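# The sequence and its predicted three-dimensional model are supplied below.
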Amino acid sequence: MSLTLYSHPLASFCHKVLIALYENGTPFHAETVNLGDPGSAAAHIERWPVGKMPVLHDAKAGRVIAETSILIEYLQEKYPGPVRLLPEAPDVLLETRLWDRFFDLYVNMPMGKIVTDRIRPQGQGDPFGINEAQATLTTAYAMIEERMATREWATGKDFTLADCAAAPALFYASIVHPFGDSQRHLGRYHDRLLARPSMKRVIAGARPYFVIFPYRDAMPEHYFKDDA
């Protein structure tokens, strides 16, 4: 098998790439990286010195590919499948790239800030940073609510790279910063993302690790069930 994805089943950015792989049924080998294990961590740092996940190794091409959006674009070019995640039409492609970045930068990253702050040593939290992250999510939710009033998926009628980014970002963000009661379009979009077979498969793979998620106490109980 040519492709090996180095990732962790609980990590939202890893989920983004897994969704793309599952959408197209792309064959790959999954290798879990445990940054708490010195050997696993050292091997990953050698692979990609900044230590971020996921990273893809293409044995056939002899290449290591990193950064989620680039990685998904690489898969579309080198290992295309039935679902085109980066549209051909230039104007739609530009929108897709924009909303991919939007979900990464203004949903996933502030969500991650809130999550990681909970596991900081006592007395070393960042209340100011958490307030900023929550404010960013509030603004992002309002923008998504307005946008999804007229769309099925982030950029229109087709599932794209932007939705690959949205699904895991909103999954975790909805736990640490719940949607408002009036945000019906955002909530329905989130429900559609969760119903996507690729996202169901991602959640199934992450489920054994939910017990170590820092906001496990805030997770809906149905996420722990096989039919979630």
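Perfect, I can see it now. Numbering: from 1, shown residues only.
# that's a helix at Val64, yeah?
No. Counting by DSSP: H, G, I helix; E, B strand; the rest coil, Val64 is located in no helix; its state is strand.
# So what pairs up with it in the strands?
His57 (DSSP bridges).
# and the longest helix for this protein?
Counting residues, the longest helix found in the chain (DSSP state H) is helix 127-147.
# Could you name the helices and strands sitting against the helix or strand just after it?
Next along the chain after helix 127-147, taking DSSP states H and E as the criterion, comes helix 161-176. Secondary-structure packing of helix 161-176 (3 or more CB pairs under 8 Å, 6 or more residues apart in numbering; DSSP states H and E): helix 12-23, helix 68-78, helix 90-103, helix 109-117, helix 184-195, helix 197-206. Bear in mind the C-beta positions are built from the backbone N, C-alpha and C, glycine included.
# mind checking how far helix 161-176 is from the chain centre?
6 Å (CA atoms, centre = their mean, to the nearest Å).
# if we can go back for a sec, now the helices and strands packed on helix 161-176 in TSV, with distance to Gly51 and mean pLDDT?
Listed next are the helices and strands packed on helix 161-176 as TSV, based on distance: least, CB to CB, whole Å; pLDDT from 0 to 100:
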stretch	distance to Gly51	mean pLDDT
helix 12-23	13	98
helix 68-78	15	98
helix 90-103	22	98
helix 109-117	15	97
helix 184-195	28	98
helix 197-206	20	97
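# how about low-confidence regions in this protein?
Applying pLDDT under 70 to the chain flags the ranges 227-228.
# The same query, at a cut-off of 50, please.
For the chain, applying pLDDT under 50 flags no range at all.
# tell me the domain ranges of the protein?
Listed by automatic domain parsing, the domain ranges of the chain are 3-78, 90-224.
# Quick check: end-to-end length of the shortest one?
When the termini of domain 3-78 are compared using CA to CA, to the nearest Å, they are 11 Å apart.
# Help me confirm that Ala42 is found in a strand?
No. Under three-state DSSP, Ala42 sits outside any strand and is assigned helix.
# Let the chain start at 262 from now.
Got it, the first residue is 262 from now on, which makes the last one we talked about Ala303.
# so who does it touch?
By CB atoms under 8 Å, 6 or more residues apart in numbering, Ala303 lies in contact with nothing.
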